[in-house]
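Sequence first, predicted model second:
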Amino acid sequence: MDSSLESSTSSNGTPVRCRRTCKIIVIGDAGVGKTCLTHRFCTGQFPSRTEATIGVDFREKLLDIEGEKIKVQLWDTAGQERFRKSMVQHYYRNVHGIVFVFDVSNPTSFCNLPMWMDECRQHSLGPDIPRALVCNKYDLVTSMTASVLIDQARHLAEVHGMSFYLTSAKGRKGDPLDAIFVTLAQRLKIQRRESVNELLLQCRSESFNIPARVITAQESKKKWACIC
Ligand SMILES: Nc1nc2c(ncn2[C@@H]2O[C@H](COP(=O)(O)OP(=O)(O)OP(=O)(O)O)[C@@H](O)[C@H]2O)c(=O)[nH]1
Ligand SMILES: [Mg+2]
């Protein structure tokens, strides 16, 4: 995992604390509810009114993952082509997690998912980057057609190793909305731990005469690039 560390400084200018930041992009067709989902996750409220996102909106939330503070930076991207084309390069730079969203009441938004996945591939985001598939507006589900769509979505998520969520940004009791982002942050943390362990093993097998804790610290710094 390659995420960044953020520092705050004390009165004498020395860094006092580093906090990991991970960038999660939220993508999908226009109107599927990306802004509402991210807004609700960060503020707890369903926005009374939204307008089409132009470029990108940033939202942040500090999570406590197994005792470690991780700042999740959400990139709420624009679904409309005309509002996103100048920003696409920025969306995909240094991404740590991806959330694909579609609207269960709009089958076209499901059919367009391969196009969004392709765009990720074209920008070199490999399968190693944790991702989630969100079927939003579940509160609108009434028909059998929707349950077929949900089954297909579940299958798509399984095939691509994505976590799958049925959500309503409008919110219902027990809605798993928070789990989307918390689970991604947990996966990122595990991934980072594993990559450090892999490096340790590699170094040992190559008989480098370097104490393990030195490698961990150095590599950890590289993986979570520090901006202090
Ligand atoms: N019923 C219902 N409506 C929702 C839900 N989520 C979003 N909406 C509505 O869907 C519309 C579009 O929501 P947005 O969050 O702005 O959609 P978006 O994906 O950010 O759209 P772009 O910024 O254009 O890409 C708004 O009218 C929301 O109120 C939901 O879970 N249930
Ligand atoms: Mg939006």
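In hand now; what should we look at? Ligands and ions are numbered 1, 2, ... in the order given.

near ligand 1, which residues of this structure?
30-36, 50, 52-53, 78-80, 136-137, 139-140, 168-170 (CB under 6 Å from any ligand atom). Backbone N, C-alpha and C define where each C-beta goes, glycine included.

Direction included, what does the helix or strand hosting Ile70 pair against?
Assessed by DSSP states H and E, Ile70 sits inside strand 68-77. Paired strands of strand 68-77, with direction, are strand 15-27 (parallel), strand 56-65 (antiparallel) (DSSP bridges).

how about the helices of this structure, start to end?
Secondary structure of the chain by DSSP state H: the helices cover 34-43, 81-84, 88-91, 107-111, 113-122, 144-159, 177-205, 212-223.

And those helices: which comes nearest ligand 2?
The closest of those to ligand 2 is helix 34-43. By CB to the ion, the value is 3.2 Å.

what angle separates the closest one from strand 56-65?
For helix 34-43 against strand 56-65, the angle by axes from the mean of the first three to the mean of the last three CA atoms, to 10 degrees is 40 degrees.

And stretch 68-84, how far out from the chain middle?
Its chain's average C-alpha position is 9 Å from that of stretch 68-84, according to CA atoms, centre = their mean, to the nearest Å.

That one: which residues count as buried?
Ile70, Lys71, Val72, Gln73, Leu74, Trp75, Asp76, Thr77, Ala78, Gly79, Phe83, Arg84 (16 or more other CB atoms under 10 Å).

Next up, the contacts around the closest residue to Ser86 other than its chain neighbours.
Spatial nearest neighbour of Ser86, excluding adjacent residues (CB to CB, 6 or more residues apart in numbering): Gly55 at 7.3 Å. Gly55 makes contact with Ala78, Phe83, Arg84, Ser86, Met87, according to CB atoms under 8 Å, 6 or more residues apart in numbering.
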